[in-house]
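Asker: One predicted model, sequence on top.
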Amino acid sequence: MNIKKHIAENENYKYIPLDSYEEFETSDIGLAGALLVWDFELMEIRQPEPGDRAYFIFKGFEGMDQVKDSYFNDKATVPPFKFMSALRRLKSRLYNQ
């Protein structure tokens, strides 16, 4: 039996993959370290050429503006040891690419 779904040409359907997400990009290593401490997923580090500015790419999420505002308004808190450890991991990945 041949089962075929028919979608009329005038219907507007948009394919949205289940794993769709927006990326959040920052070149601020401090913010990137804080996001790691808060368990946000670092997807990759983009650095076009050695010596160029690096961009830390995180999986975006709803409420990102609130997190950034709390960081830049000096209202965010992170445990110091975890923060320094996150910075070390970021630098290690950055310099060992």
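Answerer: That came in fine, so what should we check first?
Asker: Bridge partners for the residue sitting nearest the centre point of the chain, pull those for me.
Answerer: For the chain, F58 is the residue whose C-alpha lies nearest the centre (Cα atoms, centre = their mean; 1.0 Å). Applying DSSP bridges to F58 gives these bridge partners: F24, L42.
Asker: My understanding was that it contacts E44; is that so?
Answerer: No: using Cβ atoms under 8 Å, F58 makes no contact with E44, being 9.3 Å away. Where C-beta positions appear, they are placed from N, C-alpha and C, glycine not excepted.
Asker: May I ask which helix or strand encompasses E44?
Answerer: E44 is part of strand 42-46, with elements assigned from DSSP states H and E.
Asker: So for that strand, what gets flagged as buried?
Answerer: L42 (16 or more other Cβ atoms under 10 Å).
Asker: Can you name every helix or strand that it contacts?
Answerer: helix 29-37, strand 55-59, helix 80-95 (3 or more Cβ pairs under 8 Å, 6 or more residues apart in numbering; DSSP states H and E).
Asker: quick one: average pLDDT of the first one?
Answerer: For helix 29-37, the per-residue pLDDT values average out at 94.
Asker: Can you list the neighbours in contact with that helix?
Answerer: For helix 29-37, contacts defined as Cβ atoms under 8 Å, 6 or more residues apart in numbering pick out 26, 42, 54, 56, 58, 67-68, 71-72, 76, 78-79, 82-83, 86-87, 89-91.
Asker: again, only this time at 7 Å
Answerer: 26, 42, 56, 58, 71, 76, 78-79, 82-83, 86-87, 90 (Cβ atoms under 7 Å, 6 or more residues apart in numbering).
Asker: can you check the shortest one too?
Answerer: Applying Cβ under 7 Å, 6+ apart, the external contacts of strand 55-59 come out as 21, 23-27, 32, 35, 40-46, 90.
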